[in-house]
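Whatever this is, show me its structure:
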Amino acid sequence: MSQWGITAVALGSVLFITGAIWLYMRRQYILFTEAVCSSIDKILEGDAENTFQTESDELLSKIQMQLVRLQEITAFHAQESERQKQKVQGIVSDISHQLKTPIANAVMYCDTAVNPKLSERERDMCLGVLKNQVGKLDFLVQALIQMSRLEQNILHLHTDAVPLMQLLEDAKESIGANAKKKKIKVEINCPEDTELFCDEKWTLEALFNVLDNAVKYSDAGSTIRIRSERMEMYTKIQIEDEGTGIAPEHINDVCKRFYREERAAHVEGLGIGLYLTREIIEKESGYLKIQSKEGKGTQVTVYLQNVG
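This is a model prediction of the structure:
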């Protein structure tokens, strides 16, 4: 065979082998692509168990790991979305329940007040009740706005060094009128130089909620004691009353949104005071602890960061 013939055969062989390799690689690429697409489809359907099973191929193994990770992230976001949906539904349900009674009462007394057969005294009584119901609605709306700001993380805290004694005195003054009506004594035992690293406005709101609850559920003529103790990282603020106390099986429920014990139905309130307090304190990197004995009283302890 001539030199040209040998060259032609060699070239043909090279071209044939190259073509065969190309066809093989193309086939492998198609199979690989189909496997990836199939795995992605299964992941989107929530089936992460039946994706790539080939562990011998390093590349496929790495891709499998990434796809499983993608499935985990997708599943997490799906679950989070469902949780948020349920949370919103719960809030809407709670708000509807809270608004229902005062709105119904307001409508009823409006209808009664316009009755021409009413005496002046009866009409004044209806208008007084109507004003009270409108006040309750306004209070509820303001509380719900606060709750919404906390839950949606649109509350901006302005933390600074704040004298604790001044906070406690302001909180005491806020509940002063109600405490006076029930002849409840409020004692404060706090070092004058204690300072907290917190938002003054919202921390005052948190402490007011605790004290307001203490007054509501305390017997007339009893005492509410407030003590503080500086620890290494936190200052401990104890607010202790001599009220009705909380049943042991309900101690973990009192900080839930709109939670109220059945026996407290006669006490005015919405059931969000301690819930708001916990949300505020936790946003300030503090925490809340509640201890109670039925018939003897409740102790709410707030832990807030020290200055420095």
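
In which helix or strand does the residue nearest to residue 189 when sequence neighbours are not counted reside?
Once its chain neighbours are removed from consideration, residue 189 has its nearest residue in residue 227; the separation is 4.7 Å (Cβ to Cβ, 6 or more residues apart in numbering). For glycine as for every other residue, the C-beta is placed from the backbone atoms N, C-alpha and C. In the assignment (DSSP states H and E), residue 227 maps to strand 223-230.

Likewise for residue 162?
Using DSSP H and E, residue 162 sits within strand 159-163.

That strand pairs with which strands?
According to DSSP bridges, strand 159-163 has the following sheet partners: strand 195-199 (antiparallel).

all helices of this structure, in order?
For the chain, the helices defined by DSSP state H cover 3-44, 58-113, 120-151, 164-174, 176-181, 200-216, 273-283.

quick one on the thing from earlier: let me know the angle separating the strand holding residue 162 from helix 273-283.
Here the directions of strand 159-163 and helix 273-283 differ by 110 degrees (axes from the mean of the first three to the mean of the last three Cα atoms, to 10 degrees).

Restrict strand 159-163 to CA atoms and write it as CSV.
C-alpha atoms of strand 159-163 as CSV (Å, rounded to 0.1, in the frame of the first residue of the first chain):
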residue,chain,number,x,y,z
THR,A,159,-31.4,51.9,72.7
ASP,A,160,-29.4,54.0,75.1
ALA,A,161,-28.4,54.2,78.8
VAL,A,162,-31.6,54.6,80.7
PRO,A,163,-31.9,55.1,84.6
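
per-residue confidence averaged over it?
Taken as a whole, strand 159-163 has an average pLDDT of 89.

who touches residue 281 in this structure?
The contact partners of residue 281, by Cβ atoms under 8 Å, 6 or more residues apart in numbering, come to 203, 206, 287-288, 302-304.

Can I get the buried ones among those residues as something I can paste into ChimeraX?
In ChimeraX, the members of these classed as buried (16 or more other Cβ atoms under 10 Å) are selected with the following command:
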select :203,206,288,302,303,304
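
Out of the contacts of residue 281, list just those in strands.
The strands in this structure, assigned by DSSP state E, contain 287-288, 302-304 from these.

Residue 241: which of the residues you listed is nearest?
The shortest separation between residue 241 and any of those is 14.3 Å, and it belongs to residue 302 (by Cβ to Cβ).

Excluding residues flanking it in the chain, which one is nearest that closest one?
residue 237 (4.4 Å).

from memory the one you found sits against residue 299, does it?
No - between residue 237 and residue 299 there is no contact, the gap being 10.9 Å when judged by Cβ atoms under 8 Å.

of those two, who's got more company?
When residue 237 is set against residue 299 and neighbours are counted by other Cβ atoms under 10 Å, the residue ahead is residue 237, at 26 against 18.

ok, what's across the strand from that one?
With DSSP bridges applied, the residues forming beta bridges to residue 237 are residue 228, residue 302.

Now do the same contact list for it.
Taking Cβ under 8 Å, 6+ apart as the contact definition, residue 237 lies against 164, 168, 207, 226-228, 301-304.

try residue 241
Applying Cβ under 8 Å, 6+ apart, one finds that residue 241 lies in contact with 214-215, 217-218, 222, 224, 297-299.

Could you work out the most separated pair of these?
The most widely separated members of these, counting by Cβ to Cβ, are 215 and 299 (15.0 Å).
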